[in-house]
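>>> return atomic coordinates for the entry below.
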Amino acid sequence: MVAITLFILGVAPPLGLLRKKLGYSASALGSVAMIYTGIELHTLGVVTIFYIAAGLAWLFSSIYSMSYDHYTWLAPLFSLSVFGMAIALTASNFLAFLTGYEVMTIPAYVAVGLHRKTDYPAFLFMAFSELSTLLVFAGFLYSYTLTWSFSFQPLAAAWPALLCSLGFMIKMGILPFMVAEWLPIAHGNAPANMSSLMSASMTLIAAYGLVKMILLSPGSTAFGYFLMGIGAFSVFFGALYAYVSGHNKALLGFSTIENSGAFLTLVGVFLTAPTHLLSMFALISAAVYILAHTLSKTGLFLLAGMTESDPSSHSEKAVGSLSLSGAIVLTASMSGLLPTVGGVATWALLQSLFMEAYVLHSSLAVFPIVAGSVVAMGEGFAMSTMLKFVLFSGVFRKGGLRGVTRSVTVLAVGLTVLAAGSLIYLAYAPFLVSNTLGVYGIIASKFAGEPFGGVSPLYTLLLPLILAVLVFAFTGKPKTRRSEVWNGGTAIDDRYTPFAYSTNVRLMLGKVLFTRVRNDAVEVSNASWLILYRLSTLFAILSKTLSRTYMNSRLGWYVVYMVAALIVVTLVVMI
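Predicted coordinates for the structure are as follows:
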């Protein structure tokens, strides 16, 4: 079935050159074949989720593109990128994976470059993508020296996985690679259907490669805590910068960093968990998080493509929109709300961290506790970010919704997210060790001879609803209070703006966001960019000083330089 899938996706690009709808139809058919392949390979465990998630994302994006595409070159680029991802997903050796990794990247670079008049987003995307490929190649090369085989085989050392993980983390925009904001810039400047591929599917391929290399390598607790820490802070800062972002697609790009950080945190729990059961729980949860992010982010980027532009203020609502229903479900999933698959994934993430702290019973428990607290704060910002997106995006604007096909596609993605939440919930039932699926709350018991416990998603869903009903029953309908609109430092207007929505956090976290309050505006500076700018300025000053002092055409200084270089090289060779 893998060969058939690759063949169908392989013929999609040339068909797209002949006629756009033929290319997208072939991509949709190949996506269905990929979903079937994942179901057929269910014995491979978590790999099945990656196959199904990728197939669903490509399917929805292909259907959406049939009524979205108004560029003659976009269909073959889209299909070629999907074909590259399929090669990487189904690769059995390093060479095939790297080939697919590059094939999926180059068409996206072209699409970003041709879509915008400015060229820096495309160059920025390609620069970080090639840096990612270079590190992955280094890890694969190291693996070859250990096994003398190009095939994926168990490794005796963890260094190849470390090198590959750094490469894959670049592709996912994880800290410290978030400092350049390359992912939101590149993904935000691509056409909507390519943005959905880049932010949802390409990060899935990177996550798949990372898990594959870690599963082939000996476990490392130190590396696990490193991933846990980097992932947790990526969740927080990704969600924070998404909250204060003023651009819809850039907001979604930062949200991708947040979700990639959550995935990385779960991989860290997988490597550091003291029991086999908790380790397997974290690995399954990491795959579920990828499924939730891939589906939800695909739908949200497609939704962003249905808006005329980034609105600067509220406008009249488009009543009865199909895509509005899909948008509410998709943003609920990205907010970590039950019963969506994103809600189940967020529940599993927090349960993994706090249950590890409970089971450890040592000083190391501080790591998952701190990580869990940072993640929880990030999830709070994520919920506010998604509320901002659905309130101020073109979903509510007149003329922002075009095409029944696209509206139905977004709604279909939302319904899939909702259905997946229920199905995935049932998959966690054995871990809860309860006939009632843990509806009565905290469970502390033993499963397969190992300690485990948790609060079920059903309990988490029902308890707030019950409390809300009780409060409403005793207090009645809350009274509505009206006040003048506060625009948070912007020009006087009678409408609440998305900038004003985030200004409270800009002011409260001014030290973190480097907020500057001016007479006419409130500005946020990226602290990482400021640090890089100051370092580059210092380097430029030192270089100029060195060139004027020593590299000034005086023969004596060149002789000194050559003698010093000869001594240094000789010492290095002797050592």
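>>> where do the helices sit along the stretch 451-575 of the chain?
Secondary structure of the stretch 451-575 of the chain (DSSP state H, counting those that start in this stretch): helices located at 457-475, 498-508, 510-513, 527-549, 555-574.
>>> in a markdown table, list those along with mean neighbour count and mean pLDDT.
Quick note: C-beta positions are derived from backbone N, CA and C, even for glycine. What follows is the helices of the stretch 451-575 of the chain, written out as a markdown table (neighbours: other Cβ atoms under 10 Å; pLDDT from 0 to 100):
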| stretch | mean neighbour count | mean pLDDT |
| --- | --- | --- |
| helix 457-475 | 13 | 78 |
| helix 498-508 | 18 | 74 |
| helix 510-513 | 14 | 70 |
| helix 527-549 | 11 | 70 |
| helix 555-574 | 10 | 74 |
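>>> so for the strand or helix carrying Q351, what gets flagged as buried?
Take DSSP states H and E as the rule and Q351 turns out to sit in helix 341-360. Buried positions in helix 341-360, judged by neighbour count with 16 or more other Cβ atoms under 10 Å: 341-360.
>>> re the thing from before, can you list the helices of the stretch 451-575 of the chain in TSV and add distance to S296?
Shown next, in TSV, are these (distance: least, Cβ to Cβ, whole Å):
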stretch	distance to S296
helix 457-475	17
helix 498-508	20
helix 510-513	26
helix 527-549	27
helix 555-574	52
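>>> quick one, which of those gets closest to I39.
In this view, the helices of the stretch 451-575 of the chain are compared for proximity to I39 by Cβ to Cβ, and helix 457-475 is the closest at 24.0 Å.
>>> so where's the stretch 351-500 of the chain shaky on pLDDT?
Across the stretch 351-500 of the chain, the ranges flagged by pLDDT under 70 are 393-405, 425-458, 482-497.
>>> now the most centrally placed residue in the chain: closest residue in space that isn't a chain neighbour?
Centre of the chain computed as the mean C-alpha position; nearest residue by Cα atoms, centre = their mean is T256, 3.0 Å away. What sits nearest to T256 in space, not counting adjacent residues and going by Cβ to Cβ, 6 or more residues apart in numbering, is S199, at 4.6 Å.
>>> measure the one you found to A222 for me?
S199 is 31 Å from A222, where distance means Cβ to Cβ, to the nearest Å.
>>> the more surrounded of those two?
Neighbour tally, S199 and A222, criterion other Cβ atoms under 10 Å: the higher count belongs to S199, 31 against 10.
>>> show me this protein divided up by domain.
Under the assignment automatic domain parsing, the domains of the chain span 1-218, 219-436, 527-574.
>>> which of those domains sits closest to I466?
domain 219-436 (13.8 Å).
>>> mind checking how far the closest one is from the chain centre?
Taking Cα atoms, centre = their mean, to the nearest Å, one finds domain 219-436 lying 9 Å from the centre of the chain it belongs to.
>>> which parts of stretch 234-250 are buried?
234-245, 247-250.
>>> now that stretch - C-alpha only, CSV.
Listed next in CSV are the C-alpha coordinates belonging to stretch 234-250 (Å, rounded to 0.1, in the frame of the first residue of the first chain):
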residue,chain,number,x,y,z
SER,A,234,8.7,27.1,24.3
VAL,A,235,5.0,26.5,25.3
PHE,A,236,5.0,29.6,27.5
PHE,A,237,6.9,32.0,25.1
GLY,A,238,5.2,30.7,22.0
ALA,A,239,1.8,31.3,23.6
LEU,A,240,2.8,34.6,25.0
TYR,A,241,4.1,36.0,21.7
ALA,A,242,1.0,34.6,19.9
TYR,A,243,-1.2,36.5,22.4
VAL,A,244,0.5,39.8,21.7
SER,A,245,0.8,39.3,17.9
GLY,A,246,-1.1,41.6,15.7
HIS,A,247,-1.1,39.4,12.6
ASN,A,248,-3.5,36.4,12.3
LYS,A,249,-1.2,34.0,10.5
ALA,A,250,1.8,35.0,12.6
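>>> in three-state terms, label Q153 for me.
On the three-state scheme (DSSP: H, G, I helix; E, B strand; the rest coil), Q153 is labelled coil.
>>> and the one 3 residues further on, by the same measure?
State at A156, reduced to three classes by three-state DSSP: coil.
>>> thought the residue nearest to the centre of the chain was touching L204?
No. Counting by Cβ atoms under 8 Å, T256 does not reach L204; the two are 10.6 Å apart.
>>> okay, and the common contacts of the two?
A shared contact of T256 and L204, defined by Cβ atoms under 8 Å, 6 or more residues apart in numbering, is any residue touching both; here these are H293.
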